[in-house]
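Novice: Structure for the following, please:
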Amino acid sequence: MSPIDSALAPVGWASAALGELLSEPLANGFSIKGSSAPPGVPALKLSAMSEHGFDWTKVRYLPVDWADVGDLEIRTGDFFISRGNGSLALVGRGTSAQSVEFRAIFPDTMIRARLREPILSTGWIQAIWSSRGVREQIEARVKTTAGIWKISQGELESIKLPIPPLDEQRRIVIELEKQVTRLDAGIEALERVQTHLKRYRASVLKAACEGRLVPIEAELARRERRTYEPAGQLLERLLGERRTRWEEDQLGRLKAAGRTPKDDAWKHKYVEPIRVNDRELPALAEGWTWATMDQLCYQIRNGISARPEGTDGLPILRISAVRPLSVNIADIRWMPGATSDWDDYLLAEGDLLFTRYNGSVDLVGVCGAVPSLARPMVYPDKLIRCRVRSPLSSRFLDAVINSGHSRAFLASRTRTTAGQSGVSGGDLRAMPVPLAPLAEQARIATEVARRLSFADAAALTAQRCEQRARQLRQAILACAFSGQLVTQDPREEPAASLLERLRPAASATEHTQWSESRRRMGRPGTQP
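Specialist: Numbering: from 1, shown residues only. I've put the predicted structure just below:
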């Protein structure tokens with residue numbers, strides 16, 4: 001039920017426009033065009049407003065006299081409405097000054113409402129202002145100018161509000177505070193759980209890239225009295241195989257062209273991969289070594305620059321598909337044409353994908369390993385594909401690259417142009433990577449997957465609980481605004497009778513005060 005539907009309103013409730021409930025006209029604040037150091041007049045900033053009241057530390061001091069702005073002084077119980085903001089959710093948001101900490105005025109980005117007593121309690125207006133029925137009325141009245149949403153005083157005064165009997169208002173507010181406080185405490189606890197889980201994930205990755213997550217291969221080999229291949233030897237073996245394959249390929253091309261080398265001069269054309277500069281890098285665990293991505297990969301390549309304009313055909317990943325330690329193969333668009341048109345960009349299980357460009361600097365250079373694919377798939381030019389040399393573990397590299405000095409290196413190389421942050425393939429080639437012995441790589445990859453799977457499951461449970469808590473919060477508010485949260489007392493004076501009894505009390509003197517107040521609102525320095 002809409003909380004302002006008078007036809008279905010609870011017994012004893014009434015409905016009235018906000019303008020009927022004011023003791024004086026809605027007032028705009030002071031137009032702040034400058035500031036000074038104390039002892040000027042303190043004025044709250046719009047950012048000081050929240051649903052819980054004011055943050056009295058968010059002030060600026062104005063070079064004016066109290067005599068000129070005294071009618072804008074904030075009083076206990078005043079209700080304030082945000083006049084306009086770039087976010088629609090903030091337009092018409094209200095808060096009350098529950099207690100005034102010091103003398104201050106309010107800016108013209110706020111509208112002040114002073115409520116007639118005893119028709120409406122401050123607690124009730126603050127609660128009902130965030131209800132769905134009132135929010136829908138506000139949003140229907142909003143005007144947009146240059147991308148800023150605004151609402152006028154007249155539109156605000158026309159908003160209809162549900163009014164229970166006065167004592168029932170107070171009972172509802174007390175019960176709401178009790179129940180919502182408990183729920184909010186639960187939501188905060190669930191948010192803390194998710195924060196702790198993020199820290200846990202980070203600590204798992206940090207331990208993985210420092211050789212502290214599983215027993216190191218050097219120690220196990222000593223304990224089991226066997227030999228093992230340290231990562232340094234593994235790296236040299238891979239680099240030797242890299243050169244051998246290049247020489248075999250070059251020799252094959254020469255022979256195919258009918259040329260027979262007379263000496264080894266042609267071998268000098270071999271380009272060594274970028275070697276790591278480990279002078280500023282920390283020492284690693286026993287048996288580990290530093291390497292570069294250029295040494296560990298046999299191909300590093302940007303993706304397809306053509307626009308994916310198809311509605312079917314060959315799936316191409318979106319940029320958003322790549323997140324730390326994750327590639328979402330369901331996050332796709334479509335490339336027109338046959339698969340054979342894009343052979344050079346096909347993905348394979350174990351490929352590492354890096355974000356080359358992103359609007360968020362925190363997502364630039366993050367890496368995910370491609371999972372098993374049920375169909376051919378390609379990737380766009382804002383991603384970089386790295387193909388890891390066999391028999392290295394891409395899952396191990398995925399874990400250590402997203403943390404520690406590897407991640408810090410790419411963050412230091414990130415450049416921002418036209419609102420987009422990015423790294424280059426050259427940055428990626430030079431990135432230092434901690435390399436463990438092969439058997440240890442497999443154990444680390446398995447343990448990282450196990451622990452992060454637990455963290456992901458716990459985070460999902462916490463998110464679902466938080467969502468249920470927020471839904472329950474809305475259900476409690478709906479009960480409050482439909483008269484179902486507290487017991488109704490038929491002996492209480494109905495709200496309609498209270499309204500009728502108090503309407504004649506608006507004397508000619510009161511009307512004169514309203515007119516004078518409206519006239520003052522047009523003084524220089526304020527916005528009428």
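Novice: can you tell me which residues contact residue 461?
Specialist: Shown in contact with residue 461 (Cβ atoms under 8 Å, 6 or more residues apart in numbering): no residues. C-betas here are computed from N, CA, C, even on glycine.
Novice: That one and residue 452: what is the separation?
Specialist: 15 Å (Cβ to Cβ, to the nearest Å).
Novice: now do residue 338
Specialist: The value you get for residue 338 to residue 452, if Cβ to Cβ is used, is 38 Å.
Novice: Those two: who's more crowded?
Specialist: The neighbour comparison of residue 338 against residue 452 (other Cβ atoms under 10 Å) goes to residue 452, with 20 against 10.
Novice: correct me, but the more buried one touches residue 204?
Specialist: Yes - counting by Cβ atoms under 8 Å, residue 204 is a contact partner of residue 452 at 6.4 Å.
Novice: so what's residue 286 closest to, chain neighbours aside?
Specialist: Distances taken as Cβ to Cβ, 6 or more residues apart in numbering place residue 218 nearest to residue 286, at 4.2 Å, with adjacent residues excluded.
Novice: Contact partners for the one you found?
Specialist: Applying Cβ under 8 Å, 6+ apart, the residues near residue 218 are 228, 230, 285, 286, 287, 437.
Novice: So the last one sits against residue 286, correct?
Specialist: Going back to what we said before, that points to residue 437. No - the pair residue 437 and residue 286 fails to qualify as a contact (Cβ under 8 Å) at a distance of 9.8 Å.
Novice: the more surrounded of the two?
Specialist: Using other Cβ under 10 Å as the criterion, residue 437 and residue 286 rank with residue 437 on top: 25 against 15.
Novice: Phi, psi for that one please.
Specialist: Main-chain dihedrals, residue 437, degrees, to the nearest 10: phi -60, psi 150.
Novice: Just give the closest residue to it, not the sequence neighbours.
Specialist: What sits nearest to residue 437 in space, not counting adjacent residues and going by Cβ to Cβ, 6+ apart, is residue 217, at 4.1 Å.
Novice: tally of neighbours for the one you found?
Specialist: Neighbours around residue 217, by other Cβ under 10 Å: 24.
Novice: per-residue pLDDT, it?
Specialist: Listed pLDDT for residue 217 reads 98.
Novice: contacting residues around it?
Specialist: Residue 217 sits next to 228, 287, 436, 437, 439, 440 when contact means Cβ under 8 Å, 6+ apart.
Novice: The closest residue to the second one other than its chain neighbours: what secondary structure?
Specialist: To tie it back to what came earlier, the one meant is residue 287. Excluding the flanking residues, the one nearest residue 287 by Cβ to Cβ, 6+ apart is residue 218, at 4.0 Å. Of the three states, residue 218 takes helix under DSSP: H, G, I helix; E, B strand; the rest coil.
Novice: follow-up on the earlier one: identify the farthest-apart pair in the contacts of residue 218.
Specialist: Across these, the longest distance by Cβ to Cβ is 13.0 Å; it joins 228 and 285.
Novice: Would you state the helices of this structure in chain order?
Specialist: Using DSSP state H, the helices of the chain run over 66-69, 122-128, 132-141, 153-157, 166-209, 217-224, 231-256, 293-296, 394-401, 404-413, 425-430, 438-481, 495-502, 508-520.
Novice: Just say which of those is most tucked in.
Specialist: Among the helices of the chain, helix 394-401 has the highest mean neighbour count (mean count of other Cβ atoms under 10 Å), at a mean of 26.
Novice: and it, how far out from the chain's middle?
Specialist: Centroid displacement of helix 394-401 relative to its chain, using Cα atoms, centre = their mean, to the nearest Å, is 26 Å.
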